[in-house]
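Provide a 3D model corresponding to the input given below.
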Amino acid sequence: MPLRLRTADATAADPWDSAGRVTATPATYNHGMRAAQRDQAPPATHVADGLEHVACNLCGADDAATVSEARYPEGRQRDLVRTFRASGDELLIDRLVECRRCGLRYVNPRPAGTAVVAAYAAGDDPAYVSQVEARERTFAAAVAHIESLTQARGRVLDIGTAAGAFLAAARGRGWEVDGCEPNRWLADWGSRHYGLRIRSGELFDQDFVPQSFDVVTLWDVIEHTPDPSRVVRHVAGLLRPGGLLIVNYPDIGSWIARFLGRRWPFLTSVHLYYFTRTTMTRFLERHGFDVVEVRPHIQRLELDYLLARGAVLSRPLSNVARAAATCLGLSGRQAPYWIGQTFVAARLAAPAPAGPPGD
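Alright, predicted model coming up:
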């Protein structure tokens, strides 16, 4: 049953055609917006049933058009721990909106931010750690590319490091590494598996020294956070002057996302925000970063794992493909894939404040 929302927006023209492809164009962004108008979004407000209403996290406006309505299953209690796990792939059931002022897409209303953080901390995720070897291979290439941008190795912080595959890859190439992970099970698993210290808890629980990192990474993290602006403001305080922020995110404006529409595999309930290249660039610039590179990010996972997640497109086809891969002995083969993942490198444009990082 659709929820009645305390919101000023009306439903916009359907951005998907009959085949499920995206057809709407992004909203126009006002480059002349004054700083006071670009203040942080107002606090979230309670709606009902554990949901909260939020304003745009990019421009602060509370004026959004509906992209797709909520589709909550009747008579089933929502399991947030299952939804908000690192390997979560539950199709989006919440209402998706687009800010009329800047074009950012986000879930609204959504599960309360405190509940989301608590869900991330709980539960285990053996499915995620089953792919650590493939993730290490992905990150080894990523670290090498980051070094082409930094021209030197230094100190790197990985936020939301999951089981620590990136930290292991960076350490293997001579970086001094640190990382935090909200999920207690993953943090413990990674610490034991790699012999690394992975700090348990979210970013704001940690005691990192301001201006102490050359690089900070957010691999598939920013779209999960209840308040991306708060995260990036905090990161700006942790980076040394001229430091590099790496963000990887699923691009809802990519050609494949537009082609697949509602069947895009990244259109899931675990994601609270959906950036395009345009909105991500404006988001980072708003927080004092200069974007230096945007490029597709190729990842690797075992073929059977990828085909299993392909059930979102067609379960019968997924089952047939998995059976064929098993017969051919290819199930465990690592396969490169791209369905909209986008790598962004941004340099801190001005020296960070000398005091504690802002929240």
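
What segments of the protein are helices?
Assigned by DSSP state H, the chain shows helices spanning 80-83, 113-121, 126-129, 132-150, 165-172, 184-194, 228-238, 255-260, 277-286, 303-309, 315-327.

To residue 208, which of those lies closest?
Nearest to residue 208, of all the helices of the chain, is helix 228-238, at 5.5 Å by CB to CB. No exception for glycine: its C-beta is placed from N, CA and C like everyone else's.

Quick one: list the elements packing against the closest one.
If you count contacts as 3 or more CB pairs under 8 Å, 6 or more residues apart in numbering; DSSP states H and E, helix 228-238 packs onto strand 155-159, strand 213-219, helix 277-286.

what angle sits between that helix and strand 155-159?
If you take axes from the mean of the first three to the mean of the last three CA atoms, to 10 degrees, helix 228-238 sits at 160 degrees to strand 155-159.

Give me the mean pLDDT for helix 228-238.
On average, the pLDDT along helix 228-238 is 97.

picking up where we left off before, want to try JSON lines for the helices and strands packed on helix 228-238, with mean neighbour count as columns?
Below are those laid out as JSON lines (neighbours: other CB atoms under 10 Å):
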{"stretch": "strand 155-159", "mean neighbour count": "23"}
{"stretch": "strand 213-219", "mean neighbour count": "24"}
{"stretch": "helix 277-286", "mean neighbour count": "20"}
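
Go through those and name the closest to residue 265.
strand 213-219 (17.2 Å).

who does the closest one touch, helix- and strand-wise?
Packing partners of strand 213-219 (3+ CB pairs under 8 Å, 6+ apart): helix 132-150, strand 155-159, helix 228-238, strand 239-250.

Within the sheet, what are the partner strands of that strand, with directions?
strand 155-159 (parallel), strand 239-250 (parallel) (DSSP bridges).

Let me know which of the helices of the chain is the nearest to residue 267.
Proximity to residue 267 (CB to CB) singles out helix 255-260 among the helices of the chain, at 7.8 Å.

what comes up buried for stretch 241-250?
For stretch 241-250, the neighbour count (16 or more other CB atoms under 10 Å) marks 243-250 as buried.

cool, stretch 286-297 as well?
For stretch 286-297, by 16+ other CB under 10 Å, it's 286-289, 291, 294, 297.

which two from these end up farthest apart in space?
Maximum distance among these (CB to CB): 23.3 Å, for 288 and 297.

Who does the residue lying closest to residue 281 once chain neighbours are set aside form a beta bridge with?
Closest residue to residue 281 in three dimensions, ignoring its sequence neighbours and counting by CB to CB, 6 or more residues apart in numbering: residue 291, at 5.0 Å. When assigned by DSSP bridges, residue 291 has beta-bridge partners residue 346.

how close does residue 291 get to residue 285?
7 Å (CB to CB, to the nearest Å).

go on, residue 171?
Using CB to CB, one gets 31 Å for the distance from residue 171 to residue 285.

now residue 129
The value you get for residue 129 to residue 285, if CB to CB is used, is 36 Å.

Repeat that for residue 61.
Using CB to CB, one gets 17 Å for the distance from residue 61 to residue 285.

Residue 333 too?
Taken as CB to CB, the span from residue 333 to residue 285 is 41 Å.

How about residue 344?
Separation of residue 344 from residue 285 (CB to CB): 11 Å.

Find residues that contact each of these two.
residue 291 (CB atoms under 8 Å, 6 or more residues apart in numbering).

From what I see, residue 201 and residue 180 are in contact.
Yes: taking contacts as CB atoms under 8 Å, residue 201 lies within contact range of residue 180: 6.3 Å.

Neighbour count: these two, which is higher?
residue 180 (21 against 15; other CB atoms under 10 Å).
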